[in-house]
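Asker: I would like to see how this sequence folds:
(chains A and B)
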Amino acid sequence: MQQYAQPHSRFSVLSGSSLSSGEHLSPTASSARFSLPSAPSINTTLGTSKPGPRPNIYDRNTNKTRTTEVSASAFAFLFSEVVQYTQKRVTGINDLERRLNTLGYRVGMRVLELMVWRAESSSKAPKREIRFLPALMSIHTQVWRAVFGKPADAIKKSVENEDEYMIIDNDPPMERHISVPRDMNTLSCSSFSAGIVEAVLDGLGFPARVTAHNTPTDQYPSQTTILIKLEKSVLEREELLK
Amino acid sequence: MAVFGLWVINKAGGLVYQRNFADGLAQLTSNEYLVLAGTLHGIHAITSRLSPIGSSSGAQVIEAESFKMTILLTATGTKFVLLTSLAETTAESVLQKVYEAYADAVMKNPFHTPEMPIRSDGFDSRINALIGTGQS
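Answerer: Numbers count the residues shown, from 1 in each chain, chains lettered A, B, ... in the order given. Below is the predicted model:
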(Lines give C-alpha, C1' and ligand atoms only; values in the text may rest on other atoms or scores of the structure.)
Protein backbone atom coordinates (compact mmCIF):
# COMPACT_ATOMS: atom_id res chain seq x y z
CA MET A 1 0.00 0.00 0.00
CA GLN A 2 2.91 2.39 0.68
CA GLN A 3 4.01 2.43 -2.95
CA TYR A 4 0.73 4.00 -4.00
CA ALA A 5 0.93 6.88 -1.51
CA GLN A 6 2.25 9.37 -4.11
CA PRO A 7 0.09 9.45 -7.24
CA HIS A 8 2.29 8.77 -10.25
CA SER A 9 2.42 11.57 -12.83
CA ARG A 10 0.60 9.32 -15.26
CA PHE A 11 -2.36 9.44 -12.90
CA SER A 12 -2.52 13.21 -13.25
CA VAL A 13 -6.06 13.10 -14.55
CA LEU A 14 -7.27 11.40 -11.38
CA SER A 15 -7.60 13.20 -8.10
CA GLY A 16 -5.79 11.81 -5.08
CA SER A 17 -8.98 10.83 -3.30
CA SER A 18 -10.28 8.75 -6.15
CA LEU A 19 -6.98 6.94 -6.39
CA SER A 20 -6.82 5.98 -2.74
CA SER A 21 -10.44 4.93 -2.69
CA GLY A 22 -9.89 3.11 -5.94
CA GLU A 23 -7.33 0.98 -4.17
CA HIS A 24 -10.04 -0.80 -2.31
CA LEU A 25 -11.60 -1.85 -5.57
CA SER A 26 -8.45 -3.35 -7.00
CA PRO A 27 -7.49 -6.82 -5.81
CA THR A 28 -3.80 -6.14 -6.40
CA ALA A 29 -3.77 -3.47 -3.71
CA SER A 30 -3.77 -6.03 -0.94
CA SER A 31 -0.22 -6.99 -0.05
CA ALA A 32 -1.31 -10.54 0.70
CA ARG A 33 -1.89 -11.08 -3.02
CA PHE A 34 1.75 -10.50 -3.88
CA SER A 35 2.71 -13.69 -2.12
CA LEU A 36 0.56 -15.75 -4.48
CA PRO A 37 3.25 -18.08 -5.83
CA SER A 38 4.00 -19.40 -2.37
CA ALA A 39 0.35 -19.63 -1.32
CA PRO A 40 -0.90 -23.19 -1.10
CA SER A 41 -2.56 -24.10 -4.35
CA ILE A 42 -5.23 -26.74 -4.79
CA ASN A 43 -3.02 -28.57 -7.27
CA THR A 44 -0.23 -29.36 -4.87
CA THR A 45 -2.56 -31.11 -2.44
CA LEU A 46 -3.67 -33.42 -5.24
CA GLY A 47 -0.01 -34.06 -5.95
CA THR A 48 -0.02 -37.77 -6.72
CA SER A 49 -2.74 -37.76 -9.35
CA LYS A 50 -1.44 -34.84 -11.45
CA PRO A 51 1.89 -34.65 -13.29
CA GLY A 52 3.12 -31.61 -11.38
CA PRO A 53 1.38 -28.28 -10.61
CA ARG A 54 -0.71 -26.84 -13.43
CA PRO A 55 0.73 -23.57 -14.79
CA ASN A 56 -1.12 -20.69 -13.25
CA ILE A 57 -2.50 -17.80 -15.28
CA TYR A 58 0.65 -15.72 -14.86
CA ASP A 59 2.81 -18.29 -16.62
CA ARG A 60 0.67 -18.75 -19.70
CA ASN A 61 2.20 -17.65 -22.98
CA THR A 62 0.63 -14.29 -23.71
CA ASN A 63 0.91 -14.75 -27.44
CA LYS A 64 -0.74 -18.14 -27.57
CA THR A 65 -3.82 -16.85 -25.78
CA ARG A 66 -4.41 -13.87 -28.05
CA THR A 67 -7.59 -15.29 -29.56
CA THR A 68 -9.12 -16.75 -26.42
CA GLU A 69 -12.45 -15.31 -25.49
CA VAL A 70 -14.16 -14.69 -22.21
CA SER A 71 -17.78 -15.61 -21.63
CA ALA A 72 -19.86 -12.50 -22.22
CA SER A 73 -22.36 -13.60 -19.59
CA ALA A 74 -19.65 -14.03 -16.96
CA PHE A 75 -18.34 -10.57 -17.74
CA ALA A 76 -21.83 -9.10 -17.71
CA PHE A 77 -22.45 -10.42 -14.19
CA LEU A 78 -19.05 -9.19 -13.01
CA PHE A 79 -19.60 -5.74 -14.50
CA SER A 80 -23.09 -5.59 -13.03
CA GLU A 81 -21.64 -6.25 -9.60
CA VAL A 82 -18.91 -3.64 -10.20
CA VAL A 83 -21.58 -1.04 -10.97
CA GLN A 84 -23.69 -1.99 -7.95
CA TYR A 85 -20.67 -1.97 -5.65
CA THR A 86 -19.61 1.45 -6.91
CA GLN A 87 -23.12 2.84 -6.73
CA LYS A 88 -23.28 2.21 -2.99
CA ARG A 89 -20.16 4.28 -2.41
CA VAL A 90 -20.75 7.38 -4.50
CA THR A 91 -22.77 10.52 -4.09
CA GLY A 92 -23.97 11.17 -7.62
CA ILE A 93 -23.90 10.25 -11.28
CA ASN A 94 -20.71 12.17 -12.04
CA ASP A 95 -18.88 10.44 -9.22
CA LEU A 96 -20.10 7.05 -10.44
CA GLU A 97 -18.88 7.79 -13.95
CA ARG A 98 -15.54 8.92 -12.57
CA ARG A 99 -15.11 5.71 -10.58
CA LEU A 100 -15.95 3.56 -13.59
CA ASN A 101 -13.49 5.67 -15.58
CA THR A 102 -10.79 4.92 -13.00
CA LEU A 103 -11.45 1.20 -13.20
CA GLY A 104 -11.35 1.33 -16.98
CA TYR A 105 -8.07 3.24 -16.76
CA ARG A 106 -6.46 0.36 -14.90
CA VAL A 107 -7.65 -2.08 -17.53
CA GLY A 108 -6.59 0.22 -20.38
CA MET A 109 -2.98 0.41 -19.19
CA ARG A 110 -2.70 -3.34 -19.42
CA VAL A 111 -4.63 -3.54 -22.68
CA LEU A 112 -2.18 -1.13 -24.33
CA GLU A 113 0.89 -3.05 -23.21
CA LEU A 114 -0.51 -6.41 -24.23
CA MET A 115 -1.84 -5.17 -27.55
CA VAL A 116 1.41 -3.52 -28.58
CA TRP A 117 3.42 -6.52 -27.43
CA ARG A 118 1.28 -8.93 -29.41
CA ALA A 119 1.23 -6.77 -32.53
CA GLU A 120 4.89 -5.91 -32.66
CA SER A 121 6.62 -8.87 -31.07
CA SER A 122 6.69 -10.76 -34.33
CA SER A 123 7.63 -7.93 -36.66
CA LYS A 124 11.20 -6.84 -37.40
CA ALA A 125 10.46 -3.12 -37.34
CA PRO A 126 8.14 -2.27 -34.47
CA LYS A 127 6.16 0.84 -35.18
CA ARG A 128 4.92 3.43 -32.73
CA GLU A 129 2.26 6.00 -33.47
CA ILE A 130 3.49 9.53 -32.86
CA ARG A 131 0.85 11.46 -34.75
CA PHE A 132 -2.61 11.72 -33.29
CA LEU A 133 -4.81 10.60 -36.17
CA PRO A 134 -3.05 7.26 -36.76
CA ALA A 135 -3.17 6.68 -33.00
CA LEU A 136 -6.89 7.38 -33.00
CA MET A 137 -7.38 4.98 -35.91
CA SER A 138 -5.47 2.28 -34.08
CA ILE A 139 -7.68 2.79 -31.02
CA HIS A 140 -10.77 2.62 -33.17
CA THR A 141 -9.79 -0.70 -34.71
CA GLN A 142 -7.12 -2.51 -32.70
CA VAL A 143 -8.13 -1.63 -29.16
CA TRP A 144 -11.79 -2.26 -29.84
CA ARG A 145 -10.96 -5.53 -31.53
CA ALA A 146 -8.70 -6.60 -28.68
CA VAL A 147 -11.25 -5.75 -26.01
CA PHE A 148 -14.64 -6.27 -27.66
CA GLY A 149 -13.88 -8.45 -30.67
CA LYS A 150 -15.08 -5.97 -33.28
CA PRO A 151 -13.91 -2.54 -34.43
CA ALA A 152 -15.83 0.54 -33.33
CA ASP A 153 -18.38 2.02 -35.67
CA ALA A 154 -17.27 5.55 -36.44
CA ILE A 155 -14.80 8.31 -35.70
CA LYS A 156 -15.82 11.93 -35.81
CA LYS A 157 -14.04 15.21 -35.37
CA SER A 158 -15.90 18.02 -33.69
CA VAL A 159 -16.47 21.11 -35.84
CA GLU A 160 -16.81 23.55 -32.98
CA ASN A 161 -13.73 22.59 -30.98
CA GLU A 162 -10.31 21.84 -32.36
CA ASP A 163 -9.43 19.49 -29.55
CA GLU A 164 -12.44 17.18 -29.55
CA TYR A 165 -12.78 13.86 -31.30
CA MET A 166 -15.44 11.20 -30.95
CA ILE A 167 -15.53 7.43 -31.26
CA ILE A 168 -19.00 6.02 -31.81
CA ASP A 169 -20.17 2.56 -30.91
CA ASN A 170 -23.66 1.61 -32.04
CA ASP A 171 -24.15 -1.27 -29.64
CA PRO A 172 -21.54 -1.31 -26.87
CA PRO A 173 -21.18 -4.91 -25.67
CA MET A 174 -20.65 -3.71 -22.13
CA GLU A 175 -24.03 -2.05 -21.92
CA ARG A 176 -26.02 -4.67 -23.74
CA HIS A 177 -27.89 -5.93 -20.69
CA ILE A 178 -27.99 -2.72 -18.69
CA SER A 179 -31.21 -0.70 -18.48
CA VAL A 180 -30.61 2.58 -16.72
CA PRO A 181 -33.65 3.83 -14.76
CA ARG A 182 -35.34 7.01 -15.98
CA ASP A 183 -34.07 9.23 -13.19
CA MET A 184 -30.46 8.43 -14.01
CA ASN A 185 -30.64 8.54 -17.76
CA THR A 186 -27.55 10.71 -18.19
CA LEU A 187 -25.44 7.90 -16.76
CA SER A 188 -23.37 6.00 -19.25
CA CYS A 189 -21.79 2.78 -18.03
CA SER A 190 -19.49 3.04 -21.04
CA SER A 191 -17.44 5.34 -18.79
CA PHE A 192 -15.54 2.12 -18.22
CA SER A 193 -14.67 1.96 -21.93
CA ALA A 194 -13.85 5.66 -21.81
CA GLY A 195 -11.35 4.88 -19.07
CA ILE A 196 -9.77 2.24 -21.26
CA VAL A 197 -9.40 4.78 -24.11
CA GLU A 198 -7.99 7.37 -21.74
CA ALA A 199 -5.30 4.97 -20.50
CA VAL A 200 -4.35 3.97 -24.05
CA LEU A 201 -4.05 7.62 -25.08
CA ASP A 202 -1.99 8.45 -22.01
CA GLY A 203 0.26 5.50 -22.69
CA LEU A 204 0.79 6.57 -26.31
CA GLY A 205 1.62 10.09 -25.21
CA PHE A 206 -1.62 11.97 -25.96
CA PRO A 207 -3.05 13.04 -22.61
CA ALA A 208 -6.76 13.74 -22.82
CA ARG A 209 -10.01 13.76 -20.88
CA VAL A 210 -12.27 11.01 -22.15
CA THR A 211 -15.93 10.70 -21.28
CA ALA A 212 -18.83 8.61 -22.52
CA HIS A 213 -22.27 9.90 -23.48
CA ASN A 214 -25.48 8.23 -24.53
CA THR A 215 -26.57 9.38 -27.97
CA PRO A 216 -29.54 7.19 -28.84
CA THR A 217 -30.83 7.33 -32.39
CA ASP A 218 -33.88 5.68 -33.90
CA GLN A 219 -31.80 3.06 -35.60
CA TYR A 220 -29.46 2.41 -32.67
CA PRO A 221 -31.18 3.16 -29.36
CA SER A 222 -28.11 2.26 -27.35
CA GLN A 223 -25.56 4.21 -29.37
CA THR A 224 -22.75 5.60 -27.23
CA THR A 225 -20.29 8.36 -28.07
CA ILE A 226 -16.88 8.43 -26.45
CA LEU A 227 -15.73 12.02 -26.39
CA ILE A 228 -11.98 12.66 -26.39
CA LYS A 229 -10.87 16.12 -25.35
CA LEU A 230 -7.16 16.50 -25.97
CA GLU A 231 -4.92 18.61 -23.82
CA LYS A 232 -3.33 21.75 -25.20
CA SER A 233 0.15 20.23 -25.20
CA VAL A 234 -0.97 17.60 -27.71
CA LEU A 235 -2.41 20.21 -30.09
CA GLU A 236 0.73 22.29 -29.90
CA ARG A 237 2.88 19.28 -30.63
CA GLU A 238 0.74 18.31 -33.59
CA GLU A 239 1.15 21.84 -34.98
CA LEU A 240 4.92 21.62 -34.65
CA LEU A 241 5.08 18.26 -36.35
CA LYS A 242 3.03 19.34 -39.33
CA MET B 1 -53.85 -19.00 -31.23
CA ALA B 2 -53.09 -16.00 -29.09
CA VAL B 3 -51.05 -15.06 -26.08
CA PHE B 4 -53.17 -13.20 -23.57
CA GLY B 5 -50.73 -12.43 -20.82
CA LEU B 6 -47.42 -13.04 -19.06
CA TRP B 7 -46.80 -13.05 -15.33
CA VAL B 8 -43.50 -13.45 -13.53
CA ILE B 9 -43.77 -14.50 -9.88
CA ASN B 10 -40.79 -14.39 -7.54
CA LYS B 11 -39.86 -17.15 -5.13
CA ALA B 12 -41.88 -15.65 -2.30
CA GLY B 13 -45.07 -15.58 -4.34
CA GLY B 14 -45.08 -11.87 -5.19
CA LEU B 15 -45.89 -10.68 -8.69
CA VAL B 16 -42.87 -8.91 -10.20
CA TYR B 17 -43.99 -8.53 -13.81
CA GLN B 18 -47.38 -8.57 -15.44
CA ARG B 19 -48.26 -7.76 -19.01
CA ASN B 20 -51.28 -8.23 -21.24
CA PHE B 21 -51.09 -8.83 -24.97
CA ALA B 22 -54.09 -9.86 -27.01
CA ASP B 23 -57.61 -9.19 -25.76
CA GLY B 24 -59.54 -12.13 -24.47
CA LEU B 25 -59.32 -12.01 -20.72
CA ALA B 26 -61.05 -9.73 -18.28
CA GLN B 27 -59.22 -6.52 -17.42
CA LEU B 28 -58.28 -6.53 -13.76
CA THR B 29 -56.80 -3.93 -11.45
CA SER B 30 -53.17 -4.31 -10.48
CA ASN B 31 -54.18 -5.28 -6.97
CA GLU B 32 -56.27 -8.13 -8.29
CA TYR B 33 -53.32 -9.36 -10.31
CA LEU B 34 -51.21 -9.37 -7.15
CA VAL B 35 -53.83 -11.42 -5.31
CA LEU B 36 -54.19 -13.88 -8.17
CA ALA B 37 -50.45 -14.37 -8.44
CA GLY B 38 -50.18 -15.10 -4.74
CA THR B 39 -53.05 -17.57 -4.99
CA LEU B 40 -51.44 -19.29 -7.94
CA HIS B 41 -48.19 -19.55 -6.02
CA GLY B 42 -49.99 -21.31 -3.20
CA ILE B 43 -51.94 -23.62 -5.49
CA HIS B 44 -48.78 -24.53 -7.36
CA ALA B 45 -47.14 -25.55 -4.11
CA ILE B 46 -50.14 -27.70 -3.20
CA THR B 47 -50.21 -29.44 -6.58
CA SER B 48 -46.65 -30.62 -6.07
CA ARG B 49 -47.95 -32.71 -3.15
CA LEU B 50 -51.06 -33.98 -4.93
CA SER B 51 -49.30 -35.65 -7.84
CA PRO B 52 -50.63 -39.19 -8.44
CA ILE B 53 -47.33 -40.41 -9.84
CA GLY B 54 -45.10 -39.62 -6.93
CA SER B 55 -42.62 -36.76 -6.85
CA SER B 56 -43.56 -33.74 -8.88
CA SER B 57 -42.51 -30.14 -9.02
CA GLY B 58 -46.03 -28.83 -9.43
CA ALA B 59 -48.63 -28.17 -12.09
CA GLN B 60 -47.33 -27.18 -15.49
CA VAL B 61 -50.50 -26.56 -17.47
CA ILE B 62 -53.86 -25.54 -16.06
CA GLU B 63 -56.64 -25.56 -18.64
CA ALA B 64 -59.88 -23.66 -18.33
CA GLU B 65 -62.76 -23.23 -20.76
CA SER B 66 -61.41 -20.31 -22.76
CA PHE B 67 -57.74 -20.16 -21.90
CA LYS B 68 -54.91 -22.16 -20.45
CA MET B 69 -52.02 -21.28 -18.16
CA THR B 70 -48.57 -22.71 -18.76
CA ILE B 71 -46.23 -22.46 -15.80
CA LEU B 72 -42.46 -22.74 -15.95
CA LEU B 73 -40.87 -23.27 -12.56
CA THR B 74 -37.18 -22.45 -12.57
CA ALA B 75 -34.54 -24.01 -10.36
CA THR B 76 -34.50 -20.86 -8.24
CA GLY B 77 -38.21 -20.84 -7.51
CA THR B 78 -39.21 -18.11 -9.96
CA LYS B 79 -42.38 -18.88 -11.90
CA PHE B 80 -43.10 -17.73 -15.42
CA VAL B 81 -46.81 -17.99 -16.25
CA LEU B 82 -48.09 -17.61 -19.79
CA LEU B 83 -51.84 -17.22 -20.35
CA THR B 84 -52.82 -18.30 -23.84
CA SER B 85 -55.75 -19.50 -25.86
CA LEU B 86 -56.44 -23.23 -25.76
CA ALA B 87 -55.11 -23.81 -29.26
CA GLU B 88 -51.68 -22.31 -28.65
CA THR B 89 -48.99 -24.97 -28.94
CA THR B 90 -45.83 -22.96 -28.50
CA ALA B 91 -46.32 -21.88 -24.91
CA GLU B 92 -43.46 -23.92 -23.46
CA SER B 93 -40.88 -22.70 -25.96
CA VAL B 94 -42.05 -19.12 -25.55
CA LEU B 95 -41.59 -19.47 -21.81
CA GLN B 96 -38.06 -20.78 -22.27
CA LYS B 97 -37.23 -17.73 -24.35
CA VAL B 98 -38.82 -15.45 -21.77
CA TYR B 99 -36.61 -17.11 -19.17
CA GLU B 100 -33.58 -16.37 -21.36
CA ALA B 101 -34.63 -12.76 -21.74
CA TYR B 102 -35.11 -12.56 -17.97
CA ALA B 103 -31.62 -13.96 -17.34
CA ASP B 104 -30.14 -11.43 -19.74
CA ALA B 105 -32.04 -8.21 -19.32
CA VAL B 106 -33.05 -8.46 -15.68
CA MET B 107 -30.42 -10.47 -13.84
CA LYS B 108 -27.47 -8.76 -15.52
CA ASN B 109 -28.91 -5.31 -14.96
CA PRO B 110 -27.09 -3.60 -12.08
CA PHE B 111 -30.09 -1.35 -11.47
CA HIS B 112 -32.46 -4.21 -10.70
CA THR B 113 -32.88 -5.51 -7.17
CA PRO B 114 -33.55 -9.25 -7.20
CA GLU B 115 -37.10 -10.32 -6.25
CA MET B 116 -38.37 -6.75 -6.69
CA PRO B 117 -40.80 -5.60 -9.44
CA ILE B 118 -39.15 -5.50 -12.84
CA ARG B 119 -38.85 -2.01 -14.31
CA SER B 120 -36.47 -2.56 -17.17
CA ASP B 121 -36.68 -1.15 -20.69
CA GLY B 122 -34.40 -3.89 -21.91
CA PHE B 123 -36.71 -6.65 -20.68
CA ASP B 124 -39.79 -4.89 -22.08
CA SER B 125 -38.27 -4.55 -25.52
CA ARG B 126 -37.15 -8.16 -25.59
CA ILE B 127 -40.63 -9.32 -24.62
CA ASN B 128 -42.02 -7.08 -27.35
CA ALA B 129 -39.76 -8.73 -29.87
CA LEU B 130 -40.70 -12.16 -28.58
CA ILE B 131 -44.45 -11.97 -28.08
CA GLY B 132 -45.45 -8.71 -29.66
CA THR B 133 -46.68 -5.47 -28.23
CA GLY B 134 -50.05 -5.16 -26.69
CA GLN B 135 -51.41 -2.91 -24.07
CA SER B 136 -49.17 -3.03 -21.04
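Asker: center of the chain - which residue?
Answerer: Answering for chain A, as no chain was given. residue A:196 (2.3 Å; C-alpha atoms, centre = their mean).
Asker: switch to chain B, that's the one I care about
Answerer: Short answer for chain B (C-alpha atoms, centre = their mean): residue B:81, at 2.4 Å.
Asker: any part of the helix ranked longest in chain A near chain B?
Answerer: In chain A, taking DSSP state H as the definition, the longest helix is helix A:93-120. No. Counting by C-beta under 8 Å from any C-beta of the partner chain, chain B is not contacted by helix A:93-120; separation bottoms out at 10.4 Å. From N, CA and C alone the C-beta is placed, and that goes for glycine too.
Asker: for residue B:48, what are its contacts?
Answerer: Residue B:48 makes contacts with B:56-59, as judged by C-beta atoms under 8 Å, 6 or more residues apart in numbering or on different chains.
Asker: my read is that the residue nearest to the centre of chain A contacts residue A:111, right?
Answerer: Yes. Using C-beta atoms under 8 Å, residue A:196 makes contact with residue A:111 at a distance of 6.1 Å.
Asker: which residues do those two both contact?
Answerer: With C-beta under 8 Å, 6+ apart, residue A:196 and residue A:111 have common neighbours A:143, A:147.
Asker: thinking again about what came up before, tell me the one among the contacts of residue B:48 nearest to residue A:64.
Answerer: Nearest to residue A:64 among those: residue B:57, at 45.7 Å, using C-beta to C-beta.
Asker: neighbours of the closest one, how many?
Answerer: Neighbour count of residue B:57, defined by other C-beta atoms under 10 Å in any protein chain shown: 12.
Asker: in which helix or strand would I find it?
Answerer: Assessed by DSSP states H and E, residue B:57 sits outside every helix and strand.
Asker: OK, contacts around it?
Answerer: Going by C-beta under 8 Å, 6+ apart, residue B:57 touches B:48, B:73.
Asker: and for the one 5 residues further on?
Answerer: Under the criterion of C-beta under 8 Å, 6+ apart, the neighbours of residue B:62 are B:68-69, B:71.
Asker: one more: residue A:186?
Answerer: The contact partners of residue A:186, by C-beta under 8 Å, 6+ apart, come to A:93, A:214.
Asker: coming back round to it: by contact count, what packs against the longest helix of chain A?
Answerer: helix A:16-25, helix A:72-88, helix A:144-148, helix A:191-204, strand A:208-214 (3 or more C-beta pairs under 8 Å, 6 or more residues apart in numbering or on different chains; DSSP states H and E).
Asker: how about a cut-off of 6 Å?
Answerer: For helix A:93-120, the packing partners by 3 or more C-beta pairs under 6 Å, 6 or more residues apart in numbering or on different chains; DSSP states H and E come out as helix A:191-204.
Asker: what about the helix it packs on, distance to the chain center?
Answerer: Relative to its parent chain, helix A:191-204 has a centroid offset of 6 Å by C-alpha atoms, centre = their mean, to the nearest Å.
Asker: show me what it is packed up against.
Answerer: helix A:93-120, strand A:208-214.
Asker: now check the last one, is it near chain B?
Answerer: Translated: strand A:208-214. No. Judged by C-beta under 6 Å from any C-beta of the partner chain, strand A:208-214 stays clear of chain B, getting no closer than 12.4 Å.
Asker: in the longest helix of chain A, what counts as buried?
Answerer: Going by neighbour count (16 or more other C-beta atoms under 10 Å in any protein chain shown), the buried part of helix A:93-120 is A:93, A:96-106, A:108-109, A:111-112, A:115-116.
Asker: check stretch A:232-242 too.
Answerer: Buried residues in stretch A:232-242, counted by 16+ other C-beta under 10 Å: A:234, A:237-238.
Asker: can I get those in a markdown table including distance to chain B, secondary structure and pLDDT?
Answerer: Shown next, in a markdown table, are the buried residues of stretch A:232-242 (distance: C-beta to the nearest C-beta, whole Å; DSSP: H, G, I helix; E, B strand; the rest coil; pLDDT from 0 to 100):
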| residue | distance to chain B | secondary structure | pLDDT |
| --- | --- | --- | --- |
| A:234 | 34 | helix | 90 |
| A:237 | 40 | helix | 90 |
| A:238 | 39 | helix | 89 |
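Asker: give me the three-state assignment for residue A:91.
Answerer: coil (DSSP: H, G, I helix; E, B strand; the rest coil).
Asker: one more: residue B:31?
Answerer: Three-state assignment for residue B:31 (three-state DSSP): helix.
Asker: coming back round to it: which one of the contacts of residue B:62 has the most neighbours?
Answerer: Of all the contacts of residue B:62, residue B:71 has the most neighbours under the rule other C-beta under 10 Å, reaching 22 neighbours.
Asker: what's the nearest residue to it if we skip its chain neighbours?
Answerer: residue B:81 (5.2 Å; C-beta to C-beta, 6 or more residues apart in numbering or on different chains).
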